[in-house]
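Asker: Fold the following.
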Amino acid sequence: MKKLTPQEIAKRLTDHPGWKLDGSAIHKLYAFQSFPDALGFVMRLAFDAEKADHHPDFQVSYRKVTVTWSTHDAGGLTARDFAGAGQSDMIASRMEPK
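Answerer: Residues are numbered from 1 along each chain as shown. Below is the predicted model of the structure:
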């Protein structure tokens, strides 16, 4: 997978609200109603990441989860990372209280 240029990264970040650039990775903090909800989010995203064979890093702190995407093999960000960011947002949005 081709590493994105700084211009391509900046453009894609505008399409993914809340995601922040941190060196050669992007990350976002999600907050949930409960600890089980936070872990449920991690598990749902983990199964999708396994299917895609592209895995994020997770940091869990009670009801908060930080998701970080980077393509280590490419040495930076690729389209797969932004696809993962979109998948992360979709799963999180489905878990919000009605």
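Asker: how about the nearest residue to residue 62, chain neighbours excluded?
Answerer: Spatially, and ignoring its direct neighbours in sequence, residue 62 is nearest to residue 35 (5.7 Å; CB to CB, 6 or more residues apart in numbering). To be clear about C-beta, it is placed using only N, CA and C from the backbone, and glycine gets the same treatment.
Asker: Near the one you found, how many other residues are there?
Answerer: The number of residues packed near residue 35 is 13, by other CB atoms under 10 Å.
Asker: Quick check: which element contains the residue lying closest to residue 12 once chain neighbours are set aside?
Answerer: Nearest residue to residue 12 in three dimensions, chain neighbours excluded: residue 82, at 4.8 Å (CB to CB, 6+ apart). For residue 82, the host element (DSSP states H and E) is helix 79-95.
Asker: if you average pLDDT over that helix, what comes out?
Answerer: For helix 79-95, the mean per-residue pLDDT is 96.
Asker: Now do it: everything it contacts.
Answerer: By CB atoms under 8 Å, 6 or more residues apart in numbering, the residues outside helix 79-95 that reach it are 1-2, 4, 12, 15-16, 18-19, 25-26, 28, 30, 32, 37, 40-41, 44-45, 48-49, 52, 54, 56, 67, 69-71.
Asker: just the strands in this structure please.
Answerer: Along the chain, the segments classed as strands by DSSP state E run 20-22, 25-31, 57-61, 64-69.
Asker: need the ones you listed in CSV with mean pLDDT and distance to residue 8, can you?
Answerer: CSV is the format used below for the strands of the chain (pLDDT from 0 to 100; distance: least, CB to CB, whole Å):
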stretch, mean pLDDT, distance to residue 8
strand 20-22, 97, 12
strand 25-31, 98, 12
strand 57-61, 98, 22
strand 64-69, 98, 15
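Asker: I'd like to know which of these lies nearest to residue 77.
Answerer: Proximity of these to residue 77 was assessed by CB to CB; the nearest stretch is strand 25-31, lying at 6.5 Å.
Asker: what comes into contact with that closest one?
Answerer: 13, 16, 18-20, 38, 41, 63-70, 77, 81-82, 85, 88-89, 92.
Asker: Out of these, which end up buried?
Answerer: Buried residues within those, counting neighbours by 16 or more other CB atoms under 10 Å: 13, 16, 19, 38, 41, 65, 67-70, 77, 81-82, 85, 88-89, 92.
Asker: Great, nothing more from me.
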